[in-house]
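Novice: Just a sequence and a predicted model for now, questions to come.
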Number of protein chains: 2
Amino acid sequence: SADSSSEELRFGSTGDPDQHVAVLPGDFQPNASVFAHNLLPAPGGEELTRGFLQEVVDILLGYISKSSQRSSKVLDFHHPHQLKEGLECFSLDLPDQPETLEQILVDCRDTLKYGVRTGHPRFLNQLSSGLDVVGVAGEWLTSTANTNMFTYEVSPVFVLMEECLLKKMQSILGWSDDVGDGIFCPGGTISNLYSILVARYHFYPEVKTRGMGVLPQLALFTSEQSHYSVKKSAAVLGMGSENVFMVKCDESGKMIPAELESSIVTAKEKALVPFYVNATAGTTVYGAFDPLNAIADICQRYTLWMHVDVSVELFNFKYLFSRACSVTWNPHKMMGVPLQCSAILVKKRGLLQECNDFGAEYLFQTDKNYDVSYDTGDKSIQCGRHVDVFKLWLMWKAKGSEGFGSQVNKCLENAEYLYDQLLVVTGNLSFDHTPEHSNVCFWYIPPSLRGQPPGPDRDARLHQVAPRIKGRMMEKGSVMIGYQPLGDKVNFFRCVFSNPATQQEDIDFLLDEITRLGDI
Amino acid sequence: SADSSSEELRFGSTGDPDQHVAVLPGDFQPNASVFAHNLLPAPGGEELTRGFLQEVVDILLGYISKSSQRSSKVLDFHHPHQLKEGLECFSLDLPDQPETLEQILVDCRDTLKYGVRTGHPRFLNQLSSGLDVVGVAGEWLTSTANTNMFTYEVSPVFVLMEECLLKKMQSILGWSDDVGDGIFCPGGTISNLYSILVARYHFYPEVKTRGMGVLPQLALFTSEQSHYSVKKSAAVLGMGSENVFMVKCDESGKMIPAELESSIVTAKEKALVPFYVNATAGTTVYGAFDPLNAIADICQRYTLWMHVDVSVELFNFKYLFSRACSVTWNPHKMMGVPLQCSAILVKKRGLLQECNDFGAEYLFQTDKNYDVSYDTGDKSIQCGRHVDVFKLWLMWKAKGSEGFGSQVNKCLENAEYLYDQLLVVTGNLSFDHTPEHSNVCFWYIPPSLRGQPPGPDRDARLHQVAPRIKGRMMEKGSVMIGYQPLGDKVNFFRCVFSNPATQQEDIDFLLDEITRLGDI
């Protein structure tokens, strides 16, 4: 890409000829006199800009390459106070005077050095993991295009890509062509918030102008093992977290339909008005699937809004969601799309717009030179909205629906392999839970606890095992996996598979490492 | 960066040796047999990954370079139906089968080709514009790091950078060291939503669990020229848009304190309970500054929460905000940080956490191996949260506070220059409004309307002038600028300066172009 021109570069926005410095085209030579203000749009800043960005890219390519190597650490752990004190001259402080571009490159390297390699094959800590190369390319392009989703005027291509993606996703949900709407949101929690917001508006459109004061006291229902976003969103929306009924689950983590029905009856007895049920397809900890059809029957009987929070993927579950009024779909989870990428899909067309629009005249002018129905920004609770669609669109082009499907299947195979290994070494690594999808949960029983009878004493000691091992993993930087208690179960590991880099050898390593660190 | 190894690349995740293809290291040769599944983490995918990403970068560098050239179009306009029909083989459709990486590169080029160059010197359409090279580098790194702000565990460096930025911003606001809190949010509207949310919680903490049903009917106050996000957020939060009092402004667009006070009295007479006032520093259209001290006096007298929505910048207004309870600050506007970058700053420490936390045990474990006060994610109404801080942090390092200050001053000089030019050509380009900051508003009076007496007939015709010229600008791709009506004023242009690439010659061009297109 090097330009063959031999023109000199002028540094400094003044264009003072005395400040000329010769730089070989395409070659970035950082030195003490080159600063950000010498980059474009400064006159003559083009070669310097190319050189600087190429240096940044070289750092990033090195990082991507290293993240994929098992010989690299997953992280180089430091405590907050250590990083704040300034390790090896890496200072977080914000200066009044500019740093040189040379120093900026050092800052970039240090930022990556002290971070966590979420694309490392042994990063199993979160459902959003991996480093999809095409997705990364999509984000690089998105940030270079640096525009806003609010109007077709400034985002013609991205607005149409959003429409195209939403339609494709709706068809996968089994919704017919004449229904369906949606929007991409900053994360699954905001998508779930939207579901409650539009459900409220659907039943009580007067809430938009008059507020909750003119409504009855509403009740929401979700399982006790669902994501905390339902409670959080209910609080934000002014409904009160105590009006969210946490419906009991069976042993495998699925909502019990009879319990949902009795919660609805209880709510009514308390003079609350039930209006919304969240069902979960892939709970946070167990990865359990609520019985969607039984829940849909109850929603139909009581005229309730049925939302489904799909925290995993949909390629294996097409058409299970046809009865949902709204669905949260997070491509940044098992589909491996870089963070963030989440969509709320709403069956009733036009509801998002009616619920949220305020028709700001400086932005959504109705006398534009194009079809302003493509100015979709007033559907949103945001004004400016980051372009989250391009990376997903590009990945879909690059993989096809089939590619996403086989990527997900690989994760499910990994989950099955881990579970099989756990059965082999039963006694030391154990749990009474068969995984339904990609989450595998288990305890590690250290030698000192083996053979000890179950009871409060053993539980209290077992509760400390996972945090201790996790702490050692992080300090060593060898692998990362989550843990938590749940209900009456003390701390246990939760392994989630969504990282396409993870192979069986990493699972073997994980189990060996847990044993090594747990036996110290 | 080319690796000297001569190892062959294996394509295909199966590792089938019959699929081997020789590729020169560092050299990407796209062909019909190279697909996304050949990239990392596929075995041997490293050189292909480097080659592919380098091709993407070359496309982006070309785009950045072209965006900075005045000879390039600002956009290559097409109507939605044209783009949907598939221009020159650019198809938005999502396939079941993968496309080749060669085609993915074509898709990237086409996406940029049909988009809008928001970094072009003549893109004056939005307050978020320009293409800051260091900011872009920051976003490229952020997306490569691909992590989540919710815990220190997965974002040690970014969490500390957020803390560091918030502290710096609070000191610029004139807040003392022992107060101040905040969080970065997906856009200014969400930041404004936070301000109402925490204000409500501050006065009525029971709202979190019990909802709006146990609260009195609340009233909010904002100026009639403030951003629509206050009304929108009040609706989302269940307060009702009609309980937002739109306080009258003076001729220059500033809220009239006496009108605020009489609105408060009116609300009380209607048995509403006033609790929140939004003051604006830089209104959307005029860029006007509400009288902050007079508003603070009223808020103090009536014990109301005072929020300030700073839609412009703070470097010229340090310490004006010391009396605010909360402040929205959008570095993605005049500071030129790539979209999105917005912060809500809250004076009362701990309020964000108390208002929003639900302590999810799978994420915010209290028995971790580090100081868990750095797991700041439960302050947020989101769960997963995109890293918006790094680009700002890196730009601050690269420019220093002084660099941001001079960048803003350049924009103000441009505004002054445009206003001076308007005065010179008065009669044809005119407005009775002196700009207070970087927004310059004006009508273009076409020859056919010159000399016509003011009145409904002239207004009706003048109302059509700006949209018509804007449409022609877009079709020609020469320049972009916004327009809108306001109050009793028919459509007028609003020129906002935040793009550091814009020079006086672009302003001259804008005025000439308006004249050219307006006289057709």
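Specialist: In hand now; what should we look at?
Novice: can you give me the helices for the stretch 401-520 of chain A?
Specialist: A:456-462, A:465-476, A:504-518 (DSSP state H, counting those that start in this stretch).
Novice: out of those helices, which comes closest to B:Met306?
Specialist: Among the helices of the stretch 401-520 of chain A, helix A:465-476 comes nearest to B:Met306, with 42.8 Å by CB to CB. Where you see a C-beta, it was placed from the backbone N, CA and C, and this is true even at glycine.
Novice: what's the closest one in contact with?
Specialist: A:75, A:77, A:443-446, A:449, A:479-483, A:491-493, A:513-514, A:517-518, A:520, B:153, B:365, B:367-369 (CB atoms under 8 Å, 6 or more residues apart in numbering or on different chains).
Novice: Where does A:Ala279 sit, in terms of helix or strand?
Specialist: strand A:273-281 (DSSP states H and E).
Novice: Going by contacts, tell me the helices and strands next to that strand.
Specialist: helix A:188-203, strand A:218-223, helix A:257-269, helix A:292-302, strand A:305-310 (3 or more CB pairs under 8 Å, 6 or more residues apart in numbering or on different chains; DSSP states H and E).
Novice: returning to what we had before: Produce a PyMOL select command limited to the buried residues of the contacts of helix A:465-476.
Specialist: Of these, the buried ones go into a single PyMOL selection, burial set by 16 or more other CB atoms under 10 Å in any protein chain shown:
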select buried, (chain A and resi 75+77+443+444+445+446+449+479+480+481+482+483+491+492+493+513+514+517+518) or (chain B and resi 153+365+368+369)
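Novice: Which members of the contacts of helix A:465-476 occur in strands, if any?
Specialist: The strands, defined by DSSP state E, take in A:Trp443, A:Tyr444, A:Met480, A:Ile481, A:Gly482, A:Tyr483, A:Asn491, A:Phe492, A:Phe493 from those.
Novice: shouldn't the first one be in contact with A:Phe492?
Specialist: Looking back up the chat, that one is A:Trp443. Yes. At 4.8 Å, A:Trp443 counts as touching A:Phe492 under the criterion of CB atoms under 8 Å.
Novice: nearest to A:Ile190, of the ones in strands among the contacts of helix A:465-476?
Specialist: Taking CB to CB as the measure, A:Ile190 lies nearest A:Gly482 of the ones in strands among the contacts of helix A:465-476, at 22.2 Å.
Novice: For that closest one, list the residues it contacts.
Specialist: By CB under 8 Å, 6+ apart, the contact set of A:Gly482 is A:Leu124, A:Asn125, A:Gln126, A:Lys470, A:Phe493, A:Arg494, A:Cys495, A:Val496, B:Tyr362.
Novice: tally of neighbours for the third one?
Specialist: Residues near A:Gln126, counting by other CB atoms under 10 Å in any protein chain shown, number 24.
Novice: which ones are touching it?
Specialist: A:Thr118, A:Gly482, A:Val496, B:Asn148, B:Val154.
Novice: Give me the nearest residue to A:Cys164, chain neighbours excluded.
Specialist: B:Leu92 (4.7 Å; CB to CB, 6 or more residues apart in numbering or on different chains).
Novice: Count the neighbours of that neighbour for me.
Specialist: When neighbours are defined as other CB under 10 Å, B:Leu92 has 19 of them.
Novice: Ramachandran angles for it?
Specialist: For B:Leu92, the backbone dihedrals (degrees, to the nearest 10) come out as phi -80, psi -10.
Novice: out of the contacts of A:Gln126, who has the most neighbours?
Specialist: Using other CB under 10 Å as the neighbour test, those are led by A:Val496, with 29 neighbours.
Novice: isn't that residue right up against A:His437?
Specialist: No. Judged on CB under 8 Å, A:Val496 makes no contact with A:His437 at a distance of 9.5 Å.
Novice: mind giving me CSV with the helices and strands packed on strand A:273-281 and columns for mean pLDDT, mean neighbour count and distance to chain B?
Specialist: Formatted as CSV, the helices and strands packed on strand A:273-281 follow (pLDDT from 0 to 100; neighbours: other CB atoms under 10 Å in any protein chain shown; distance: least, CB to the nearest CB, whole Å):
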stretch, mean pLDDT, mean neighbour count, distance to chain B
helix A:188-203, 98, 25, 4
strand A:218-223, 98, 28, 8
helix A:257-269, 98, 16, 13
helix A:292-302, 98, 17, 20
strand A:305-310, 97, 26, 11
